[in-house]
Structure formats: structure tokens, C-alpha cells
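# Provided below are the primary sequence and the corresponding predicted coordinates.
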Amino acid sequence: MYRLAVALAGATATIVISASETSWAQAPRAEAHLAVRANDPLRVAIDEARIIRLDQAAHAVVVGNPAIADAIVHDGRSLIITARAYGATNLIVLDRAGNVMLDRMVHVTQPQSALLTIQRGNALETYSCAPHCRRMPMPGDTATFFEEIIKQNQSRNGLVQSQIGR
């Protein structure tokens, strides 16, 4: 992570650039599924999904806090974890007999893509810079910044839906 302090219009801002690579190029995606080791927490970046392959068919999945992560059984032996919000929760997978097949913590982390966070006092704004910087609503951003982007996206999606319906 790099930190750079700059002056913007008479105010001090902190720019935080976080990238998995030292260049602005898109980092190669990790393998599509996770290898689960004995006590390792599962790490999934916010707004991403990962697949866990199970040795046997799962019957039930329990997520401690589904607002942080969600999990579904896809084909009996494939579990899809979707990260919803920053934080940690637990994940329990049971077989048909009620035996615990998997009991792990799930840590929802920051995306590994190139992010730019601008902080002006307590105000935060996040940009995705892979390869060009675009505004990206993230938990923790200033409410007006976040809400404006969401409204623009909803408006755009509405226009697209209206064109599809024709």
C-alpha cells in the first residue's frame, strides 16, 4: 500500500493506492475455487464469489451473519461463497447425517484490484483504477458520494431495462 499526501484546493487530502501488483495493470485472477485447509479462515474480497469444492455432498449450510457473506450449495459438492460486506462471520456445512463437514471463519476483505481512496478530513471517496479510475461506492465512503453513485447506477440500469423491453 502506498500513501501520498497532497494539497487539494487548500485542503489536505490523503490518497491511498492499494494494488496487488506494483503496476496499474489488472492483476491475474486467482484460481476459481478455494482449497480449504484445516483451520485457515476463508478470505473473500467484497462483492466477489468463490467456490469451495467439498469431498462429499453437503446437506445444509449455515452462515452466522448473512449480511457479511452468503453461501449456497450449487451441485451438492460445490459451495459458492459470496462476500457482501466487510467483516467476519462463521460458516458451517453439514452432511445429510448432521455431521459437520466444514466449520470456518469467513473474512470479507478489500478487493485486490487497484483502488484509490481519497480522504478529506473524515470524508472518504473510493475509485477503482483498473485500468482507468472510476468512482466506486464502497462501505465507509461518505454518504453523499456513495448515494450519488448508487442513484446514477440505478438510473443507468433503468434505461438499459427500458431498452431491453422494447
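Structure's in. What do you need?
# contacting residues for Ala85?
Applying CB atoms under 8 Å, 6 or more residues apart in numbering, we find Ala85 in contact with Ile46, Ala67, Ile68, Val108, Pro139. (Glycine included, C-beta is placed from N, CA and C.)
# Please identify the helix or strand for the residue nearest to Leu102 when sequence neighbours are not counted.
Excluding the flanking residues, the one nearest Leu102 by CB to CB, 6 or more residues apart in numbering is Val93, at 4.0 Å. If you go by DSSP states H and E, Val93 is part of strand 87-94.
# now do Ile150
helix 143-164.
# if we can go back for a sec, next, count neighbours for the residue nearest to Leu102.
Around Val93 there are 22 other residues, counting by other CB atoms under 10 Å.
# Please report the separation between the first and final residues of stretch 89-106.
Terminal residues of stretch 89-106 lie 5 Å apart, using CA to CA, to the nearest Å.
# one step back: list the buried residues of the strand holding Val93.
Gly87, Ala88, Thr89, Leu91, Val93, Leu94 (16 or more other CB atoms under 10 Å).
# The residue nearest to the first one when sequence neighbours are not counted: what's it in contact with?
Using CB to CB, 6+ apart and skipping the chain neighbours, the partner closest in space to Gly87 is Ile68 (4.4 Å). Listed by CB under 8 Å, 6+ apart, the contact partners of Ile68 are Ala83, Arg84, Ala85, Tyr86, Gly87, Ala88, Thr89, Val106, Val108.
# Which residue lies closest in space to the third one, excluding its sequence neighbours?
Yep, that's Ala85 we're talking about. Using CB to CB, 6+ apart and skipping residues adjacent in sequence, the residue nearest Ala85 is Ile68, 5.2 Å away.
# Pull stretch 126-141 out as CSV, backbone CA atoms only.
The C-alpha coordinates for stretch 126-141 follow below in CSV (Å, rounded to 0.1, in the frame of the first residue of the first chain):
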residue,chain,number,x,y,z
THR,A,126,-13.2,5.3,-3.4
TYR,A,127,-12.2,4.8,-7.1
SER,A,128,-11.5,1.6,-9.0
CYS,A,129,-8.4,2.2,-11.1
ALA,A,130,-8.1,-0.9,-13.3
PRO,A,131,-7.0,0.5,-15.7
HIS,A,132,-8.9,3.8,-15.6
CYS,A,133,-10.1,5.4,-12.4
ARG,A,134,-13.9,5.4,-12.0
ARG,A,135,-16.0,6.2,-8.9
MET,A,136,-16.9,3.0,-7.0
PRO,A,137,-19.2,3.0,-3.9
MET,A,138,-17.7,1.1,-1.0
PRO,A,139,-18.8,0.8,2.6
GLY,A,140,-17.2,3.6,4.6
ASP,A,141,-17.4,6.2,1.8
